[in-house]
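>>> Got a predicted model here, sequence first, then my questions.
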Amino acid sequence: MITGGGTQTISRLLEEPGGSNTVLQALIPYSQEALEMHLGFKPQSACSEETARWMAMQAYQLASPENGEQTGATFGLAITASLASQKPKKGKHRIHIAAQTRSTTFTWSLILEKGHRNRAEEEALCRDMALNALCEILQLRALTTLNLHKSETILSHSEEAEAEIQQLLFSRNSTSRFTRLANTDRPELVFPGAFNPLHDGHTRMLELASEITGVQGCFELCVHNIEKPRLDFISLAQRCAPFKERSHNLILTTAARFTDKARCFPSAIFIVGIDTLERIANPRYYDNNSNLRDAAITEISRLACRFLVFGRVQAGVFKHLDNVDLPGNLKAISSAVPESVYRMDVSSTELRTGLRTNGPG
């Protein structure tokens, strides 16, 4: 697995390709531990298109100038592959390549014909695919014609983002936002989440919250993440599509923390699950400093924001506002939705795992 990107400390290609200012750097997070350290979290699979996109985005973020200005062909390129080895592999031999630029996310995936090549030949094919991918993102002619087996097809995809989305995704402001599908710029009821995927439980929660509060609500999707690279444009398009299909109100933001969300939406009621409220109360997310946590909750309260809390089943027990340990200042601005009104036992994580298990290999 190799990552690369453009500029000063990671890889950068300036206005004149091949010029003296060109800088390229490759990182090889080969072990699982190195990959997790590079990404900041443990991916579902080390070798997948999604992981390649995470890696490419991380490379691009490392490559980008601190001031956010782009002066040349800055890019992040990533390769993750499962190739022939001395001990035969049970799974498919495959190559996933991704690239991230300011405007576009690219992917190229290939399932190899098992037994058709030895390790060196598969590595050579992976190298040639990567070189051609690099040429494509730099709008150059391909360097080589790939020698593919008749059963092999490279699946490629690219997602170019509109200028407003580019500006939002790479914003260094923690309270930037963009109204994708919403009929109000100052919503009073906001449902933040990753929505990966959006499901009927989310829709029902927003409907019930609107009935309880008497105001129309909207979903909020943050394009930044405290512990992961930012969403790439393919991921973002996939997350946004269900909202458009269901005609749901959606606002995109860079507000990764609830203090930032409160600044974005002062006086709003936030719809949260009990697990989210427990994370807000956990000092781990505040450098293990309970004083910082209390100050953050105080700021949310000062901005007149509140939490409408939905319980959920964890380890066979329905957890709700009254049976979890929370700081008093957080509990004071939280209201519970009774179990008799709403109970959803399947989480987004379980649904996502099911989709991966039952989906194509």
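Everything's here; your move.
>>> make it CA atoms for all contacts and neighbour counts henceforth
Noted.
>>> buried ones in the helix or strand harbouring Cys240?
Assigned by DSSP states H and E, Cys240 falls within helix 233-245. Using 16 or more other CA atoms under 10 Å as the test for burial, helix 233-245 gives Phe233, Ile234, Ser235, Leu236, Arg239, Cys240, Phe243.
>>> okay if I get those residues as JSON lines plus distance to Asn225?
Shown next, in JSON lines, are those (distance: CA to CA, whole Å):
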{"residue": "Phe233", "distance to Asn225": "14"}
{"residue": "Ile234", "distance to Asn225": "16"}
{"residue": "Ser235", "distance to Asn225": "13"}
{"residue": "Leu236", "distance to Asn225": "13"}
{"residue": "Arg239", "distance to Asn225": "14"}
{"residue": "Cys240", "distance to Asn225": "16"}
{"residue": "Phe243", "distance to Asn225": "20"}
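>>> Quickly name whichever of those residues is closest to Gln216.
Of all the buried residues of helix 233-245, Gln216 sits closest to Phe243, with 15.6 Å by CA to CA.
>>> Hmm, the closest one is touching Leu250, no?
Yes. The criterion here is CA atoms under 8 Å, and Phe243 meets it with Leu250 at 7.0 Å.
>>> Give me the secondary structure label for Leu252.
Of the three states, Leu252 takes strand according to DSSP: H, G, I helix; E, B strand; the rest coil.
>>> Quick check, it in contact with Arg177.
Yes. The pair Leu252 / Arg177 is scored as a contact, 5.5 Å apart, by CA under 8 Å.
>>> Quick check: Gly212 vs Lys261, distance?
Careful, residue 212 is Ile and not Gly. Separation of Ile212 from Lys261 (CA to CA, to the nearest Å) stands at 21 Å.
>>> neighbour-wise, which of those two wins?
The residue with more neighbours, out of Ile212 and Lys261, is Lys261; 25 against 11, by other CA atoms under 10 Å.
>>> Give me the most central residue, the chain.
By CA atoms, centre = their mean, the chain has its centre lying nearest to Leu231, at 3.6 Å.
>>> tell me which element that residue falls in.
With DSSP H and E as the test, Leu231 turns up in no helix or strand.
>>> same question, Thr259
Per DSSP H and E: helix 258-264 holds Thr259.
>>> other SSEs contacting the helix or strand containing Ile165?
Here Ile165, judged by DSSP H and E, is contained in helix 163-169. Counting contacts by 3 or more CA pairs under 8 Å, 6 or more residues apart in numbering; DSSP states H and E, helix 163-169 packs against strand 177-181.
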